[in-house]
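In: I need the structure of the sequence given here:
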Amino acid sequence: MVIATCRGNLVNNTMRVTCIMFHKIVAKSISDHRNPYNMGVLSNNDIKDRDMVALTKRILEHSQKGEIDYARRIYDQMNHRDCVSCNVMIRGYIKNHRTRDAREIFDRMHHRNTVSWNSMIMAYTHERKMHIALKFFLIMPDKDVISWTTIISGLCHDSQIEDAWQLFKQMPEPNSISWSSVISGFQQNGLAAETLILFKEMLSAGIHPTPHSFTSALTATADLAALSIGQQLYSQLIKRGFEINIHVGNSAISMFIKSGSFYDARHVFVVIPRPDTITWNSMLSGYAQHGYGLEAIMTFHQMQKAHIFPDGDSKRVILELPDPLLNGNFPEEEMQIMAYLAKECLLHFSLSLF
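Out: Sure thing, here's the model as predicted:
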């Protein structure tokens with residue numbers, strides 16, 4: 001359950017990173033737009049440029065507020081539009097889930113750059129319309145790393161892992177995010193052994209792994225319950241300073257628990273600066289699944305003292321534990337502790353209902 005939760009939180013991490021890269025490029029194209037206010041005497045063309053820059057910024061502002069129809073009215077009133085203006089309008093439509101309108105702007109453009117093409121590829125990828133996204137990708141004149149990574153990640157999420165792998169092998173210069181994308185795709189499609197092989201190939205190619213690629217490798221290791229490999233991975237991520245990353249830490253805890261090493265899991269837990277609910281739940285469910293009822297209840301009690309609000313998974317783990325008062329396998333002192341903490345947990349549940 002906890003591993004599934006970690007996966008759910010991390011399924012789109014590669015796409016998020018790709019989007020961040022893309023948004024930075026869009027923002028830079030706007031900031032690089034010539035600013036005629038600093039040019040001294042303005043010609044008629046300068047005045048047109050000044051108006052175009054100002055109107056483009058207004059389109060961006062209204063799009064970000066969700067006022068996309070108002071942004072379109074401004075766009076339609078522009079006497080002159082350049083590639084940046086069109087791209088901002090396209091991105092506004094895509095952000096507001098109106099891909100059809102974005103496509104209309106794209107089709108009318110006389111000149112398109114990589115931002116224009118990547119916007120449409122990303123839009124159809126997010127809508128899981130990979131057949132359309134692939135058409136755009138194939139006819140795109142100048143593909144960049146964002147184009148390749150977006151389409152590969154989209155194919156992986158659509159379970160077209162073989163097609164994603166074939167495209168990846170054709171990619172001119174895959175970077176760490178591209179590698180992370182295909183590694184994550186292999187892991188999400190249940191190819192645990194292949195995930196670890198690909199992770200090793202990435203290291204051999206001299207590519208620095210990202211936290212997301214480590215997370216995928218750790219999750220694959222958990223699927224295989226390969227403790228020795230997991231310990232090697234954790235040593236590698238420590239060398240790169242990723243041990244304090246919450247997502248990597250949560251995956252490492254789940255991996256160690258599934259592999260049966262509570263000592264290693266506890267060590268990872270202590271290293272994480274600010275454990276979140278998933279971190280605590282990993283420890284809780286791990287103890288409970290392996291029959292450590294006392295440790296599970298004590299961990300839940302510590303969770304409350306750390307002011308981490310338990311969620312449904314936390315409560316379910318505790319409520320499904322055997323009644324300590326009916327279990328004669330514990331020394332009397334431990335049974336008393338379990339009974340006391342169990343009552344504290346039940347009191348917490350009762351209060352949280354109101």
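In: Which pLDDT value does the model give residue 345?
Out: Here, the pLDDT recorded for residue 345 equals 57.
In: Can you tell me how far residue 269 is from residue 246?
Out: Between residue 269 and residue 246 the computed distance is 11 Å (CB to CB, to the nearest Å). No exception for glycine: its C-beta is placed from N, CA and C like everyone else's.
In: out of the two, which sits in the busier spot?
Out: Taking other CB atoms under 10 Å, residue 269 and residue 246 do not tie; residue 269 has more neighbours (22 against 16).
In: list the contacts for that one?
Out: Residue 269 is in contact with 249, 253, 275, 279, 282, 283, counting by CB atoms under 8 Å, 6 or more residues apart in numbering.
In: in the stretch 251-354 of the chain, which spans are helices?
Out: 262-271, 277-289, 293-305, 312-319, 332-352 (DSSP state H, counting those that start in this stretch).
In: mean pLDDT lowest for which of the ones you listed?
Out: helix 332-352 (a mean of 53).
In: Listing request: residues of the chain with sub-threshold pLDDT.
Out: Flagging of the chain using pLDDT under 70 yields the residue ranges 1-50, 322-354.
In: quick one: residue 266 from residue 227, how far?
Out: Residue 266 is 15 Å from residue 227, by CB to CB.
In: now swap in residue 168 and tell me
Out: 30 Å.
In: who has more neighbours, the two?
Out: More crowded of residue 168 and residue 227, by other CB under 10 Å: residue 168, with 22 against 17.
In: In contact with that one, which residues?
Out: By CB under 8 Å, 6+ apart, the neighbours of residue 168 are 148, 152, 174, 178, 182.
In: Quick check: what element follows the helix or strand hosting it along the chain?
Out: Using DSSP states H and E, the element containing residue 168 is helix 161-170. Scanning forward in sequence from helix 161-170 by DSSP H and E, the next helix or strand is helix 176-188.
In: can you state the direction angle for that following helix and helix 161-170?
Out: Interaxial angle of helix 176-188 relative to helix 161-170 (axes from the mean of the first three to the mean of the last three CA atoms, to 10 degrees): 160 degrees.
In: Point out the other helices and strands that helix 176-188 packs with.
Out: If you count contacts as 3 or more CB pairs under 8 Å, 6 or more residues apart in numbering; DSSP states H and E, helix 176-188 packs onto helix 13-31, helix 145-157, helix 161-170, helix 192-204, helix 211-224.
In: now with 10 Å?
Out: For helix 176-188, the contact count by 3 or more CB pairs under 10 Å, 6 or more residues apart in numbering; DSSP states H and E identifies helix 2-10, helix 13-31, helix 145-157, helix 161-170, helix 192-204, helix 211-224 as packing neighbours.
In: Give me the distance from it to the chain's centre.
Out: Distance of helix 176-188 from the chain centroid (CA atoms, centre = their mean, to the nearest Å) equals 12 Å.
In: Dump it to PDB, restricted to CA.
Out: C-alpha atoms of helix 176-188 as PDB (Å, rounded to 0.1, in the frame of the first residue of the first chain):
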ATOM      1  CA  SER A 176      19.800  12.900 -17.000                       C
ATOM      2  CA  ILE A 177      16.000  13.700 -17.200                       C
ATOM      3  CA  SER A 178      15.600  11.700 -20.400                       C
ATOM      4  CA  TRP A 179      17.300   8.700 -18.700                       C
ATOM      5  CA  SER A 180      15.100   9.200 -15.700                       C
ATOM      6  CA  SER A 181      12.000   9.200 -17.900                       C
ATOM      7  CA  VAL A 182      12.700   5.900 -19.500                       C
ATOM      8  CA  ILE A 183      14.000   4.300 -16.300                       C
ATOM      9  CA  SER A 184      10.800   5.400 -14.500                       C
ATOM     10  CA  GLY A 185       8.800   4.000 -17.500                       C
ATOM     11  CA  PHE A 186      10.300   0.600 -17.200                       C
ATOM     12  CA  GLN A 187       9.700   0.500 -13.500                       C
ATOM     13  CA  GLN A 188       6.100   1.700 -13.700                       C
END
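In: tell me which residues in stretch 278-291 are buried?
Out: 278, 279, 280, 281, 282, 283, 284, 285, 286, 287, 288 (16 or more other CB atoms under 10 Å).
In: Was I right to think the fourth one contacts residue 310?
Out: It refers to residue 281. Yes. At 8.3 Å, residue 281 counts as touching residue 310 under the criterion of CB atoms under 10 Å.
In: what's the overlap in contacts for those two?
Out: 300, 303, 316, 317 (CB atoms under 10 Å, 6 or more residues apart in numbering).
In: Spatially, which two of those are the most separated?
Out: For the shared contacts of residue 281 and residue 310, the maximum inter-member distance is 13.8 Å, found between 303 and 316 (CB to CB).
In: what touches both of these two?
Out: 281, 284, 310.
In: Relative to residue 292, how far out is the second one?
Out: The reference is to residue 284. Counting by CB to CB, the gap from residue 284 to residue 292 is 10 Å.
In: same thing with residue 64?
Out: Per CB to CB, residue 64 is found 50 Å from residue 292.
In: do the same with residue 262
Out: 8 Å.
In: Same question for residue 129.
Out: Distance of residue 129 to residue 292, computed by CB to CB: 47 Å.
In: was I right about residue 67 contacting residue 96?
Out: Yes. Here residue 67 lies in contact with residue 96, judged by CB under 10 Å, at a distance of 9.2 Å.
In: joint contacts of residue 269 and residue 246?
Out: 275, 279.
In: so who does residue 99 touch?
Out: Contacts of residue 99 (CB under 10 Å, 6+ apart): 90, 93, 106, 119, 120, 123, 124, 126, 127, 129, 132.
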